[in-house]
Structure formats: C-alpha cells, structure tokens
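> What follows is a protein structure lacking sequence information:
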C-alpha cells in the first residue's frame, strides 16, 4: 500500500517506484530522488517479510550461547556482531543455558527458517545435536571441535585448542616448580571439560608428576559449585602450590573462598582461562582463547555457506595464548 501511495503522490508508475525502493532494476536518478523524498514524507520502510519471501533470505543469524551472563562470551558476541554488520546481517541471540533440549530447540528454529544460518556455542557436541543439525541441511558453524565432521556436512567449526591451551597453563606451573597443582574444571563427561583435563594430565605425565583424582575438581564452570568444590578440597588439608581454574566464573568461586578465609592470593600460584577484563584488572595470569577471532571466523565461514561460495566442510583451528601476569 505504501508503494501504491508513493506512486499516486509522485505520478510515477507502481513498477518504477517498486524498482527504486528495492534497488533492483533501472530507475533514473531524477525519478529516484522524487521517490526518495516521497518515501521520507510518509516514513516508508520496506516490508521485511515480503523481502524474505522474494529473496529467500531473512538477513538474520541465530546465535546460541550457553550462558549470556558469562563475560567470556562478550568478546565473541562483539566479533560476531561487528562482522555481521559488515554484510548487513543481524544476530538473534538465544540463551541455551548449557542444556541439550535448548540447543535442539534452537536447531529447530533454524529448520523453520527463522534465520539463514546458525552459530552454535556448545560444551558438548553429541549425536543428538549433530544429527538434528544435519537434518536441517542449512548453514551452521560450531565453535568447538567435532571429530566426526564429514566433507559433505552442512556445518563447519572454528575451534580454540583447549588441550593445547591447558598444556600451556600447566607447563607454566611446572616450570615454576609447582608439583601439587589443583585443577578446577567441569564435568569430564562433557567435551570442553574433558579436553582441558586431558591437557592437564598430559603435562603432569610428561614430567612424571602423579595424576591424582582428588586434585581434579568439578566446578561445573560456575561460581558457586567451584566455591563449594574448592572449600571441600581445602578442608582435606592436602598440599597445594598452584591452582588452575578452567574459566573465570570458577576463579571467582575460588577467590571468594580465599577471601572468606583470609587466604592471600600470593599463597600459591593461580591461573585461569578466558582473559577477560576481570583477569586483566586483577592482574591474574590467564589463557586467552581468542574469543573475538572465533566469532569473526565463524561469521566468515557461515557467510560463505549462505552466499553459496562453498559447500564442503571447513575447520579453523586457533592457538590460545597464555598471558602471564602477577599471580
């Protein structure tokens, strides 16, 4: 109706007005200027639903985040949104809350074409979420490694190497003379935690340091469980000269226990993962997982799929960097 109104206002044909407003097809500069002025007068905006039907594009991307309150994801989201903005796309952020059923719901939204593609951040890629993703046959990018990826899969992955990253952190502790190194990680049945625990074990074994189960805690990647797990460990009175937390939320839990019990941060060496502003402001040694690069690479891979420039699966590996600070 807006196009019809502009046509009546300007005396220019409906078809010409439609071409000018869509940017498709020829329209003289003189007529385009007249049409633009009329469109501004009636506050015309294009009908996005109609554009989607014409172009088979929503110009939106679904983004699944396990915990939108976790500062770790802020740099990743920033990288994703900046790259999407360059190509005229918008993110729809979905908080999966680290739950498989929420991830499956998000994948179902992709299958219903709520967006042109999906970037999925998950702690654990399993047959359930991978099979659901394959059934959509729509473009997607995982931000974690999936070993079973096939050349003809409809998704790619971009991955910061958790095993190598944890090896860097643990090696640093060993080089500083630490032998009683406590690791606060997550559930070892989940991919992300299992990989980080494996990196820790690799280094201890290389240096003939015993791997002791009681020195590997499940902090669930959250503050409160990490606090409680660390408290239970400290009550055992076991020797500890270094603590590694596999994310900053768990570091907060450890630090809170230390504050509650008057333990100075210099009591032992401490390092964390994530390297957000939290670590920088507290001068904490931390592993930078290249979150912004993960986000930017994910958008590049996804847009290649959406625009039809590539159909074969691609994997991008990034190497984390240990940032050594005071602790």
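Sure thing, it's come through. Keep in mind the model is a prediction, meaning the values are calculated, not measured.
> Poorly predicted segments of the stretch 1-150 of the chain, please.
Across the stretch 1-150 of the chain, the ranges flagged by pLDDT under 70 are 1, 23-24, 46-55.
> And the helices in it?
Along the stretch 1-150 of the chain, counting by DSSP state H, counting those that start in this stretch, helices occupy 2-10, 14-22, 29-41, 48-55, 72-86, 100-111, 127-136.
> In the chain, which residue is most central in space?
By CA atoms, centre = their mean, the chain has its centre lying nearest to residue 121, at 4.7 Å.
> ok, that one touching residue 77?
No - the pair residue 121 / residue 77 is not scored as a contact, 9.7 Å apart, by CB atoms under 8 Å. For glycine as for every other residue, the C-beta is placed from the backbone atoms N, C-alpha and C.
> Please enumerate the shared neighbours of the two.
63, 65 (CB atoms under 8 Å, 6 or more residues apart in numbering).
> closest one to residue 316 among the helices of the stretch 1-150 of the chain?
Smallest distance to residue 316 across the helices of the stretch 1-150 of the chain (CB to CB): 13.2 Å, for helix 72-86.
> Just give me how far the closest one sits from the chain centre.
Averaging C-alpha positions (CA atoms, centre = their mean, to the nearest Å) puts helix 72-86 9 Å from its chain's average.
> How about stretch 266-275?
The answer for stretch 266-275 is 23 Å, by CA atoms, centre = their mean.
> residue contacts, the closest residue to residue 223 other than its chain neighbours?
Distance criterion CB to CB, 6 or more residues apart in numbering; nearest residue to residue 223, sequence neighbours excluded, is residue 253 at 4.3 Å. Going by CB under 8 Å, 6+ apart, residue 253 touches 184, 219, 222-230.
> Does residue 253 lie in a helix or a strand, and which?
helix 248-260 (DSSP states H and E).
> Any buried residues in that helix, and which?
Buried positions in helix 248-260, judged by neighbour count with 16 or more other CB atoms under 10 Å: 248-258.
> Save these as TSV, and put in pLDDT and distance to residue 288 too.
Shown next, in TSV, are the buried residues of helix 248-260 (pLDDT from 0 to 100; distance: CB to CB, whole Å):
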residue	pLDDT	distance to residue 288
248	96	12
249	96	16
250	97	17
251	97	14
252	96	18
253	97	21
254	97	20
255	95	19
256	97	24
257	97	25
258	96	24
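> If anything else comes up later, I'll come back, but that's it for now.
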